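S.K.: One predicted model, sequence on top.
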Amino acid sequence: MPSQMTFELKSGQVRGYRKKPRWIAAIAASYLAIPTLCFWQLARSVDYDTTLMPQLAVDPFFLFEAFGGISCAIAVFIVSRASFVYFVGFGLYILSAKFLELSEAPLFESPQSLALTGSWFALTALFLSNTLRTPYLNPKARWWEQPERLQFVSRGVLIHGEHRFPIVTLNLSSGGVFAKLDERAMPDFGAAPDLKLSGSPDRRKTEPTGAMLLSPEQVIAARESLAAYPVALGTDVRVRLQVHPDAARHFDCAAFEYAAEVVWSAPSSGPYRFGVGLRFRDRSRQETKTFREYLRWLEEVGVPSRDES
């Protein structure tokens, strides 16, 4: 699976990264090279006199450049809005100081000086581009920070207003769930011409765990109200997730029910039509703790497998 994918937001298309991009490590390494370049510049100014090297190592100019390079490398690797503001701000400060020096005295007296200033300029300019700044300014693009998902095909209910839809979970995490409409539970679903569906039908190879949570009458009602199925991003819903039968007694409940928000929606032409990514909302600390314990129980008994898709 590629490390970079695109998902839809209300504002348009945003590039998401399943793993931390390699270019982040490469740019962090470039910042780490700045102290070396600076020391080389100072060493050249004293004709590489080894007796002066200890003094150069504590020279205020070198210490400032070293602090800037190392701290910016750390900020680049952290990947957050605060770190973005720091390394871009520090880079602009360095450039302002160097161009001020240029107006007062010759700055580019050596290739090393030119390379040092060029490095700060290039690295700062890179992050002003939309592509590079996206994972820093948009947390939703940092998929690698999301809780680890566990594959677990189980039955559930997606509640939107007065409508209830049978769903099956495909994977779970401590922060949310990916689920899709249980097409197999809908009477005459695939043969209904009024649905005007495109794409592939449900091809799951695994039958969901547990019994149906909706009555036959409720399933028929869901089939007749598919137009209300919540696929719009930002839609507030409730989701009821059936607890594995062997764990129901341990957790003293047959299902977990939480408020949630639709944060991802599968295209209708793809294999996951009617698929939605839900992020849990407004849970108490105890509810969050209990659900995490449930995920650990599932992993310990070997019910799910890690989702590598």
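M.R.: Done, it's in. Numbering: from 1, shown residues only.
S.K.: Need the three-state assignment for the spatially most distant residue from the centre of the chain.
M.R.: Distance from the C-alpha centroid of the chain, by C-alpha atoms, centre = their mean, peaks at T51 (50.8 Å). Secondary structure for T51, judged by DSSP: H, G, I helix; E, B strand; the rest coil, is helix.
S.K.: List the residues that contact it.
M.R.: Under the criterion of C-beta atoms under 8 Å, 6 or more residues apart in numbering, T51 has no contact partners. All C-beta atoms are positioned from the backbone trio N, CA, C, and that covers glycine.
S.K.: For A43, see how far away it is.
M.R.: Distance of T51 to A43, computed by C-beta to C-beta, to the nearest Å: 12 Å.
S.K.: Need the pLDDT of the residue farthest from the centre of the chain.
M.R.: We note a pLDDT of 85 for T51 in this prediction.
S.K.: just use 48 as the starting number from now, easier for me
M.R.: In the new numbering, first residue 48, that becomes T98.
S.K.: Report the contact partners of T282.
M.R.: 207, 308-309.
S.K.: Kindly report the same for G223.
M.R.: So G223 contacts 194, 307, 310, 324-327 (C-beta under 8 Å, 6+ apart).
S.K.: Generate the ChimeraX command that creates a selection of the buried members of the residues you listed.
M.R.: Remark: buried members of the contacts of G223, expressed as a ChimeraX selection using 16 or more other C-beta atoms under 10 Å:
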select :307,310,324,325,326,327
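S.K.: between the contacts of G223, which is closest to G349?
M.R.: Taking C-beta to C-beta as the measure, G349 lies nearest P194 of those, at 19.5 Å.
S.K.: Would you mark the buried spots in stretch 254-273?
M.R.: Using 16+ other C-beta under 10 Å as the test for burial, stretch 254-273 gives 255-257, 260-261, 265-266, 269-270, 273.
S.K.: now for that stretch, what's the gap between its first and last residues?
M.R.: Start and end residues of stretch 254-273 are separated by 22 Å (C-alpha to C-alpha, to the nearest Å).
S.K.: where do the helices sit along the chain?
M.R.: For the chain, helices defined by DSSP state H occupy the ranges 69-92, 100-104, 107-125, 128-151, 158-173, 177-184, 263-271, 292-298, 332-348.
S.K.: my read: A306 touches R326, true?
M.R.: No. Counting by C-beta atoms under 8 Å, A306 sits too far from R326 to count as a contact (10.0 Å).
S.K.: what two of the buried residues of stretch 254-273 are the furthest from one another?
M.R.: Farthest pair in those, by C-beta to C-beta: T256 and L273, 24.4 Å.
S.K.: what sits up against stretch 291-298?
M.R.: For stretch 291-298, contacts defined as C-beta under 8 Å, 6+ apart pick out 199, 201, 256-257, 290, 301, 337, 340-341, 344-345, 348, 350.
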